[in-house]
Structures are given as C-alpha cells and as structure tokens.
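Chemist: mind looking at a prediction? Sequence and model below.
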Amino acid sequence: MPSEEVAAVGSVMGDAETHASARGSHRAAAKAAPRRLVVVSNRVGPIGRDKAAQGGLAVALRAALERAGGLWFGYSGSISERPSETPKLTIDRNITAAVVDLSRRDFDEYYIGYANRVLWPLFHYRPSLVGFSRRALAGYLRVNRSFARTLAPMLLPEDVVWVHDYHLIPLGEALRQLDCRQPIGFFLHTPFPAAELLRMLPNHRDLAAALCAYDLVGFQTAADLEGFRDYLLRQGGGEDLGGGRLRAFGRIVQAGVFPIGIDVAAVAEQAAAAEESRQMRRLTSSIRDRSLIIGVDRIDYSKGLPARFAAYSHLLEHYPQTRGRTVLMQIASPSRSDVPEYREIRRELEAAAGHINGRYAEFDWTPVRYLNKSFNHRILSGFYRAAGIGLVTPFRDGMNLVAKEYVAAQRPDDPGILVLSCFAGAVRELGEAIIVNPSDLEAMAEGIWQGLQMPLGERRERWTAMMATLRRNDINAWRERFLTVLEAAGAGR
Ligand code: F6P
C-alpha cells in the first residue's frame with residue numbers, strides 16, 4: 001500500500017444522516033450527526049439499490065454512501081429550458097440526493113464539450129480525439145461555479161465535502177471563493193495523464209492550480225499520482241514537502257493513492273442469490289455446456305471493444321476447438337451518444353459483431369451476443385457468476401470495477417478467471433488475473449485460451465488471492481481511508 005494510504009482507523013463519519021426533506025431538516029439532522037458526508041459528482045444515483053446505475057462511479061458512490069449516509073449532490077441527468085438553482089431532493093434511507101438540471105447550452109459546453117471532448121480523451125491518452133474550444137471551457141467553469149453557488153448554502157460547518165471526477169475539478173476552488181471552510185477532497189476516477197500530455201491543454205496551469213485548492217487529491221494508482229506530482233514539480237514550480245504534501249501555485253495540497261474498492265460481500269451475496277433467478281436459468285440453459293465469456297462496458301473508445309471482438313475472432317480462427325464451444329456475451333451500454341466518437345464506435349461494434357457471427361455462426365450456435373443495453377446490478381452479478389471468463393481489456397481505465405465485481409461474483413468452489421488489460425488501474429491489485437496487452441490481439445486470444453484450459457486448482461488459487469485483496473480494500477475501507485486523510489489534511493490547513 002502506498003504510504004499516503006493511511007490504515008482505516010474506524011468510521012470518521014459518525015451516525016448516518018437522518019432523513020431530511022429540506023434545508024432546515026438537514027441542519028437539524030446534523031446536530032445528531034456531527035460529520036455529514038457530502039458527496040458531489042456529475043452523475044448522481046439512482047440511489048435505490050435495484051435501479052441500474054450507469055458506470056462504475058455511480059455504483060461505487062452509492063455503495064460508499066450506503067453505510068455512512070449523507071448528501072449526494074450533482075446533475076439530475078435532465079435538460080431543462082430554465083434550470084432552477086434550487087435542487088430537487090430525493091431520499092432513500094440514509095441518503096439524500098440533491099440534483100439540479102442543466103440548460104442545453106450548459107450540457108453541451110460543460111458535459112459534452114469540455115468534460116467529454118477534452119478531459120476524457122486526454123486523460124485516457126487519446127490526444128488526437130481532443131477537441132478544445134474556449135467556449136466549452138467557459139461553459140465548464142460556469143457550471144462548476146453555478147454548482148458551487150447551489151451547494152454552498154446547503155453545507156453545514158461540520159460537513160466533509162468529497163468531490164468526484166474530472167467534470168468537477170474547479171468546484172473546490174469555487175467553493176473556497178464562496179468562503180466554504182469545510183475539509184474538501186477530490187478523487188479522480190479516471191487516469192491522470194503524464195505531465196507532457198497535460199501540457200497540451202491550453203488551460204493546464206489553471207486546472208492544476210484548481211486541484212491544489214483541495215485539501216486532499218486522491219488518485220487510483222501510483223502512476224496517476226506520479227503524473228500529478230511530476231507536473232507540479234516541473235511546471236508549477238512545485239516542491240515536494242514529504243508525506244504526500246506538495247506545494248505549488250502558492251498552495252499546499254495533500255495527494256495520495258486510494259484505489260477504489262467494491263462492496264465485496266454484497267456482490268458475492270447478490271451473485272449467489274441470482275443463481276436461482278429466472279434470468280440466470282434462461283442464460284445457462286441457452287449457453288448449455290459451452291463456456292461463457294463475458295464483457296460488460298459502457299460503449300467507449302477507451303474500453304477497447306473493437307480490439308476485444310477482433311481477439312475473439314482470432315481465437316475462433318486459430319483455436320478451432322473453441323468454435324461451437326464458446327460464446328462471447330458483450331453487454332455494451334450506450335453512453336455519451338451526443339459525442340460523435342461514441343456514435344462512431346457503436347457503429348463499428350455493430351459491424352464487428354455482425355461480421356464475426358456472419359463468418360462463424362452455425363444454425364444452432366451464435367458466437368457473439370451483443371447486447372446494447374444496461375442491466376441492474378443484481379442481474380449482472382448473476383451473469384458474472386455464470387461466465388467462466390471475465391474479459392476486461394480497456395486501452396486505459398482509471399480502475400475498472402467490472403474486473404473487481406467479476407471476481408467477487410464467482411463461485412468459491414469453481415471460480416471463473418479474469419482476463420485483464422495491463423492498462424486498467426485494477427491490474428495493480430489483481431495481479432493474479434491473466435494479464436494481457438489490449439494492443440496485442442494474439443496475446444488476448446492466447447489469454448482467453450489459457451483461461452479456458454486452466455485447471456480448477458489454479459483457478460481457485462488465483463481467485464482466493466484476488467478475493468483477499470478485494471476484501472482488504474473494499475468500498476468501506478476506501479471511503480474511510482480517504483476521509484481519514486482528508487480530515488487530517490483539512491485540520492492542518
Ligand atoms: O468513471 C468515469 C465516469 O466518467 C464517471 O464519472 C461517470 O459517471 C461514468 O464514467 C459514466 O459516464 P457518464 O456519466 O458520462 O455516462
């Protein structure tokens with residue numbers, strides 16, 4: 001564990017937030033709960049457990065808030081003509097979600113234009129896909145300031161504020177400008193690029209300075225932290241003060257590595273319970289005695305889906321024993337379809353799936369099942385359990401929680417095996433997976449073949465080791481480590 005990862009020292013959150021329906025009752029609730037956790041992210045919820053959440057962040061934050069309780073603030077997912085600055089509240093047990101709509105212009109400039117056409121491709125090492133415009137940047141800053149204005153009056157002095165992901169980098173600075181003095185931390189779910197790549201951004205200095213306005217900045221891996229540290233030291237005239245503290249742009253920030261975890265017990269229980277579900281029975285009877293290979297991703301160019309299909313095609317071509325004996329089920333949930341590159345990749349995948357099926361299918365066997373939709377978490381855990389191979393092969397990924405959930409969902413007596421990209425953050429913890437380079441089709445096909453052949457004893461050994469790691473750093477440990485360090489950093493400010 002990196003030195004910045006302070007061992008969990010028990011909950012720092014106190015009692016859970018009570019059900020509050022308005023600002024006033026938040027205030028009353030806070031008297032009983034001295035440390036309320038306020039989570040801020042672009043995408044919020046849905047907060048009910050059975051609802052399908054889009055992307056790892058929403059699933060993880062819902063799990064992180066489940067035990068601690070608290071307020072979850074962000075974008076509603078809806079566009080309205082004249083969005084109100086008063087958030088809409090929804091309450092589910094100890095979590096209150098407070099969300100605001102965006103105008104079409106804000107959505108286009110902040111979410112599409114800057115977050116997803118500039119920061120996302122750059123942070124995922126795809127500079128050729130970056131489409132920078134000053135207009136989009138202005139929208140990004142405007143929405144961050146507007147979120148800060150809406151959130152600031154909801155904050156109580158004792159709150160701890162935890163901001164998530166690249167959409168909201170300037171939020172901490174904007175809250176400070178409104179005189180919010182609470183400890184404010186930031187966690188980046190995506191990779192952080194190497195300093196030279198970050199320098200491509202016309203506003204790279206402002207972005208880095210905004211990160212330094214937080215008390216604590218957390219990254220998924222040591223490589224991400226190193227990118228940030230290196231940038232500050234070389235470009236920000238920064239200084240390493242030791243113990244994870246960095247001085248740059250006239251500010252002192254604590255930075256550390258906090259690899260995000262999952263709710264291991266909940267995923268394992270859900271997967272075991274799903275064995276009896278109707279969907280699982282339908283899936284297993286349709287697969288019969290074939291080996292199921294599963295992939296679950298948002299449709300995104302960073303996930304390496306066309307290369308994955310090509311690797312499966314290579315497997316069928318060069319390992320003919322797999323024809324008729326394996327099925328690749330790729331669940332690909334539609335994502336960011338307002339961004340042209342996402343529409344393009346969707347077309348590419350449809351063509352690739354059709355091509356493989358056209359070439360290899362038999363009247364009683366279809367090699368690729370390509371499902372363009374989302375499933376709820378409970379059903380997914382069952383699907384993971386039914387699959388002998390979990391295929392997670394992104395070109396770049398902050399963590400990839402599908403990798404972790406696939407492992408947690410396996411049958412202890414007969415676990416499947418994970419085939420994992422060396423460019424997913426999860427590889428730092430799941431070294432017992434079969435590790436492949438997604439640019440190497442042959443290596444990916446070999447990895448799948450190795451997994452299909454792997455004896456039970458070896459699968460069990462690898463699975464036991466990975467489960468021990470996942471349990472040690474589950475979602476609660478992650479939350480508590482981050483918040484413990486944040487509180488100490490905030491107190492030292
Ligand atoms: O995990 C990275 C992330 O971009 C999250 O911030 C986001 O909620 C998720 O992927 C899904 O993306 P989107 O909210 O754009 O659909």
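Modeler: Structure's in. What do you need?
Chemist: now do the helix ranked longest in the chain: distance to the chain's middle.
Modeler: The helix of greatest length in the chain, counted in residues with DSSP state H as the criterion, is given as helix 340-360. Centre-to-centre, helix 340-360 and its host chain are 25 Å apart (CA atoms, centre = their mean, to the nearest Å).
Chemist: list the buried residues of whatever helix or strand comes next after that helix.
Modeler: Per DSSP states H and E, helix 340-360 leads on to strand 368-371 as the next helix or strand towards the C-terminus. Within strand 368-371, the residues that qualify as buried by neighbour count (16 or more other CB atoms under 10 Å) are 368-370. No exception for glycine: its C-beta is placed from N, CA and C like everyone else's.
Chemist: got the CA coordinates for stretch 93-106 in CSV?
Modeler: Listed in CSV are the C-alpha atoms of stretch 93-106, where the atom choice follows Å, rounded to 0.1, in the frame of the first residue of the first chain:
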residue,chain,number,x,y,z
ARG,A,93,-33.0,5.5,3.7
ASN,A,94,-29.9,7.5,4.9
ILE,A,95,-29.0,9.0,1.5
THR,A,96,-30.4,12.3,0.3
ALA,A,97,-29.9,13.1,-3.4
ALA,A,98,-30.0,16.7,-4.3
VAL,A,99,-29.8,17.3,-8.1
VAL,A,100,-30.1,20.2,-10.5
ASP,A,101,-30.9,20.3,-14.2
LEU,A,102,-28.7,21.8,-16.8
SER,A,103,-29.7,24.0,-19.7
ARG,A,104,-29.0,22.7,-23.2
ARG,A,105,-26.1,25.1,-23.6
ASP,A,106,-24.5,24.1,-20.2
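Chemist: buried stuff in that stretch?
Modeler: When burial is assessed from 16+ other CB under 10 Å, stretch 93-106 yields the following buried residues: 94-103, 106.
Chemist: and for stretch 436-452?
Modeler: 436, 438, 441, 443-449, 451-452.
Chemist: same question for stretch 486-493, mean pLDDT?
Modeler: Averaging pLDDT along stretch 486-493 gives 90.
Chemist: any idea how far that stretch is from the chain center?
Modeler: Mean C-alpha position of stretch 486-493 versus that of the full chain (CA atoms, centre = their mean) differs by 26 Å.
Chemist: which pair in the buried residues of stretch 93-106 spans the largest distance?
Modeler: Farthest apart among the buried residues of stretch 93-106 by CB to CB are 94 and 103. That separation is 31.8 Å.
Chemist: tell me how many other residues crowd the residue in the stretch 351-493 of the chain that the ligand sits nearest to.
Modeler: For the stretch 351-493 of the chain, the residue positioned closest to the ligand under CB to the nearest ligand atom is residue 398, at a distance of 6.3 Å. Around residue 398 sit 28 other residues, with neighbours defined as other CB atoms under 10 Å.
Chemist: who's in contact with it?
Modeler: 188-191, 220, 224, 425 (CB atoms under 8 Å, 6 or more residues apart in numbering).
Chemist: now with 6 Å?
Modeler: When contacts are counted by CB atoms under 6 Å, 6 or more residues apart in numbering, residue 398 touches 189-191, 220, 425.
Chemist: out of those residues, which is nearest to the ligand?
Modeler: After measuring the contacts of residue 398 against the ligand - CB to the nearest ligand atom - the closest member comes out as residue 189, at 4.2 Å.
Chemist: assign a three-state SS to that closest one, would you?
Modeler: Three states are possible here, and by DSSP: H, G, I helix; E, B strand; the rest coil the one that applies to residue 189 is coil.
Chemist: was I right to think it contacts residue 58?
Modeler: No - in this structure, residue 189 sits apart from residue 58 without contact. The criterion is CB atoms under 6 Å, and the distance is 10.4 Å.
Chemist: quick check: residues of the stretch 251-400 of the chain near the ligand?
Modeler: Contact residues, the stretch 251-400 of the chain versus the ligand (CB under 6 Å from any ligand atom): 298, 335-336.
Chemist: out of the residues you listed, which are inside strands?
Modeler: Members of these lying in strands (criterion: DSSP state E): residue 298.
Chemist: ends of stretch 240-250, what's the gap?
Modeler: Stretch 240-250 has its terminal residues 13 Å apart, counting by CA to CA, to the nearest Å.
Chemist: may I see the buried residues of that stretch?
Modeler: 244-249.
Chemist: what does that stretch contact?
Modeler: Applying CB under 6 Å, 6+ apart, the contact partners of stretch 240-250 are 4, 209, 212, 232, 236, 238-239, 252-256.
Chemist: flag the shaky bits of this protein, pLDDT-wise.
Modeler: Scanning the chain for pLDDT under 70 picks out the ranges 1-34, 48-55.
Chemist: show me the domain layout of it.
Modeler: Annotated domains of the chain cover 3-261+476-492, 264-469 [automatic domain parsing].
Chemist: now the longest one, how far from the centre of its chain.
Modeler: For domain 3-261+476-492, the distance between its averaged C-alpha position and the chain's averaged C-alpha position is 13 Å (CA atoms, centre = their mean).
Chemist: now swap in stretch 384-397 and tell me
Modeler: Chain-centre distance of stretch 384-397: 15 Å, with CA atoms, centre = their mean.
Chemist: got the end-to-end distance for that stretch?
Modeler: Stretch 384-397 end-to-end distance (CA to CA) = 20 Å.
Chemist: counting neighbours, what do you get for the closest residue to residue 378 other than its chain neighbours?
Modeler: Taking CB to CB, 6 or more residues apart in numbering as the measure, residue 378 lies nearest to residue 270, with 5.0 Å between them; neighbours along the chain are not counted. By the other CB under 10 Å criterion, the neighbourhood of residue 270 contains 24 residues.
Chemist: just checking, residue 270 is part of a strand?
Modeler: No - following the definition three-state DSSP, residue 270 is helix and is not counted among the residues of a strand.
Chemist: please look at it and residue 380 and confirm they touch.
Modeler: No - Residue 270 is not in contact with residue 380 according to CB under 6 Å; the separation is 8.7 Å.
Chemist: what does the longest helix of the chain rub up against?
Modeler: The contact list for helix 340-360 (CB under 6 Å, 6+ apart) reads 129, 299, 301, 305-306, 309, 313, 316, 336-337, 366-368, 370.
Chemist: what comes up buried for that helix?
Modeler: Judged by neighbour count using 16+ other CB under 10 Å, the buried positions of helix 340-360 are 341-342, 345-346, 349, 352-353, 356, 360.
Chemist: what of stretch 127-141?
Modeler: By 16+ other CB under 10 Å, the buried positions in stretch 127-141 come out as 129, 132, 136-137, 139-141.
Chemist: from those, pick the one nearest the ligand.
Modeler: residue 140 (14.0 Å).
Chemist: before we move on, what SS does that closest one have?
Modeler: Three states are possible here, and by three-state DSSP the one that applies to residue 140 is helix.
Chemist: so for it, what's the nearest residue that isn't a sequence neighbour?
Modeler: Once its chain neighbours are removed from consideration, residue 140 has its nearest residue in residue 114; the separation is 3.7 Å (CB to CB, 6+ apart).
Chemist: run through the residues that contact that neighbour.
Modeler: The neighbours of residue 114, taking CB under 6 Å, 6+ apart as the test, are 136-137, 140.
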